[in-house]
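Chemist: structure, please.
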Amino acid sequence: MDDTSIARHQKPGRVSARACGRSREGTRGICWYFLFIAFAVFLIAVPASAGSGSNISVQPAGNAPENVTISIYVIDFNRVDVGAGTVGVDYYLNLKSDTPVSINDFELMNGAVTSITPVTDTPHEKEYRIVSVLTTEPDLSRYPFDRHTLSIKMESKQKNEQERLFVIDQETSGLYREADLPGWTFSGTRFAVTNASYLPGEVPYSRAVFSFGITRDVTSTVLKFFLPIMLIVIVSLSSLMMKISSRLGLNASMFLAAVLIHWRIADAIPAVAYATFLDLFMIITYATLVMALLSGILIMRFTETHNTSRVEQIDYWSIRVIPPVTITLYFLLFLTLVI
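Modeler: The predicted structure is shown next:
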């Protein structure tokens with residue numbers, strides 16, 4: 001029997017088994033091939049994923065902000081105008097940086113520069129003597145015992161705080177010991193770095209603020225503001241001991257004098273939306289003068305009708321009520337300056 005007839009007489013099941021065996025061996029080889037590729041890809045991907053998943057992020061050196069060391073040394077303040085909210089200042093400005101720096105990269109945020117004189121001019125350090133006119137927002141609630149903060153605010157023109165940061169040199173910043181401001185006394189200094197943004201969501205700009213406190217001189221304040229008023233009040237209260245009708249004219253003249261002095265003093269400051277210390281002081285003064293004036297009117301009226309009992313009664317209560325009330329109100333008002 002030949003091979004062909006043998007093949008024809010074999011059972012179909014056995015032929016299928018051999019064919020199946022050969023197909024399984026081919027499939028197993030393909031599987032090993034894909035497993036090898038997957039393992040190679042895994043070996044390549046693990047180092048890359050390990051580097052990307054690390055908690056330490058490497059920042060390029062070029063993204064670090066530029067640090068600029070700044071100092072301001074004030075030689076003198078002058079021409080304090082509380083009404084206009086301006087003050088002149090003469091000072092030295094020093095700038096240091098590891099990168100080239102220029103005054104043209106910065107600006108004064110609360111005033112106008114009138115003159116600049118270079119003193120030191122190197123790529124990494126600049127020093128200038130500058131004369132400026134600063135604008136302030138005076139708080140006049142304690143006027144004429146007011147105190148203010150004169151600030152010099154420097155800021156970068158173009159670079160925000162992610163690109164440039166200020167560092168204040170505390171050692172070389174300050175106020176010249178012979179600086180003088182007539183009518184005012186210096187009450188301390190404070191230098192700090194803040195930031196400011198101008199649009200919602202904007203990265204803020206680094207800002208160096210050099211603040212100098214001033215208070216109005218107490219001696220000159222008392223002599224110029226309160227001595228004339230207090231003399232008027234003393235004369236008006238002294239008139240309460242007079243039982244004659246002529247005290248009415250005296251109190252009326254004292255009232256007019258107080259109004260003129262108040263008008264002259266208040267004209268030196270701008271109109272504000274709140275009551276100042278001077279306003280409250282003058283309200284007490286006006287109340288005292290009006291009470292003394294009314295007592296004089298009543299005494300004159302009852303004197304003309306020959307009602308001596310009423311005259312004695314008004315005189316008795318005027319002396320015992322008006323001075324204590326006035327002194328108490330003045331005391332409470334001046335107490336607010338201490339609290």
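Chemist: can you pull out the helices in the stretch 101-250 of the chain?
Modeler: For the stretch 101-250 of the chain, the helices defined by DSSP state H, counting those that start in this stretch cover 218-221, 227-238, 247-266.
Chemist: so can I have JSON lines of the ones you listed showing mean pLDDT and mean neighbour count?
Modeler: All C-beta atoms are positioned from the backbone trio N, CA, C, and that covers glycine. Converted to JSON lines, the helices of the stretch 101-250 of the chain look like this (pLDDT from 0 to 100; neighbours: other CB atoms under 10 Å):
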{"stretch": "helix 218-221", "mean pLDDT": "87", "mean neighbour count": "12"}
{"stretch": "helix 227-238", "mean pLDDT": "93", "mean neighbour count": "17"}
{"stretch": "helix 247-266", "mean pLDDT": "89", "mean neighbour count": "16"}
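Chemist: for Ser173, find the nearest of the ones you listed.
Modeler: Smallest distance to Ser173 across those (CB to CB): 28.2 Å, for helix 218-221.
Chemist: contacts for the closest one, please.
Modeler: By CB atoms under 8 Å, 6 or more residues apart in numbering, the list of residues contacting helix 218-221 from outside reads 144-145, 183.
Chemist: out of those, which are buried?
Modeler: When these are checked for burial by 16 or more other CB atoms under 10 Å, the buried set is 144-145.
Chemist: contacting residues around Ala112?
Modeler: Taking CB under 8 Å, 6+ apart as the test, what Ala112 contacts is 132-133.
Chemist: coming back round to it: TSV please, covering the helices of the stretch 101-250 of the chain and showing distance to Thr122.
Modeler: As requested, the helices of the stretch 101-250 of the chain are exported to TSV (distance: least, CB to CB, whole Å):
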stretch	distance to Thr122
helix 218-221	46
helix 227-238	56
helix 247-266	52
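Chemist: of the contacts of helix 218-221, just say which sits nearest to Ala287.
Modeler: Within these, the smallest distance to Ala287 is 19.9 Å, found for Pro144 (CB to CB).
Chemist: still on that earlier bit, as TSV, the contacts of helix 218-221 with pLDDT and distance to Phe331 would be great.
Modeler: Listed next are these as TSV, based on pLDDT from 0 to 100; distance: CB to CB, whole Å:
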residue	pLDDT	distance to Phe331
Pro144	91	18
Phe145	92	15
Gly183	87	26
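Chemist: please identify which of the contacts of helix 218-221 is nearest to Ser156.
Modeler: Nearest to Ser156 among the contacts of helix 218-221: Gly183, at 35.8 Å, using CB to CB.
Chemist: give the contact list for the closest one.
Modeler: 80, 216-217, 220.
Chemist: now the residues you listed: which count as buried?
Modeler: 80, 216.
Chemist: and the longest strand for this structure?
Modeler: Longest strand of the chain, by residue count under DSSP state E: strand 66-81.
Chemist: report the strands that pair with that strand, each with its relative direction.
Modeler: The pairing partners recorded for strand 66-81 under DSSP bridges are strand 86-97 (antiparallel), strand 164-168 (parallel), strand 174-175 (parallel).
Chemist: mind listing residues that contact the last one?
Modeler: The contact list for strand 174-175, computed with CB under 8 Å, 6+ apart, reads 73-74, 186, 189, 212.
Chemist: at 10 Å what do you get?
Modeler: By CB atoms under 10 Å, 6 or more residues apart in numbering, the list of residues contacting strand 174-175 from outside reads 71-77, 91, 186, 188-189, 191, 210, 212.
Chemist: show me which of those are buried.
Modeler: When burial is judged by neighbour count using 16+ other CB under 10 Å, the buried members of the contacts of strand 174-175 are 71-74, 77, 91, 186, 191, 210, 212.
Chemist: looking at those residues, which one is closest to Val259?
Modeler: Of the buried ones among the contacts of strand 174-175, the one sitting nearest to Val259 (CB to CB) turns out to be Phe77, at 34.1 Å.
Chemist: unless I'm mixing things up, that closest one is touching Leu134, no?
Modeler: Yes. Phe77 lies in contact with Leu134 (CB atoms under 10 Å); the separation is 8.7 Å.
Chemist: so what sits against both of these two?
Modeler: 87-89, 150.
Chemist: which of those has the most neighbours?
Modeler: Val87 (24 neighbours; other CB atoms under 10 Å).
Chemist: how near is the residue nearest to it when sequence neighbours are not counted to His148?
Modeler: Leaving out its chain neighbours, the residue that sits closest to Val87 by CB to CB, 6 or more residues apart in numbering is Val80, at 4.8 Å. For Val80, the distance to His148 (CB to CB, to the nearest Å) stands at 8 Å.
Chemist: need the overlap of contacts for those two.
Modeler: Among the neighbours of Val80, those also in contact with His148 (CB under 10 Å, 6+ apart) are 87, 136, 138, 184, 214, 216.
Chemist: now the longest strand of the chain: mean pLDDT?
Modeler: Strand 66-81 shows a mean pLDDT of 95.
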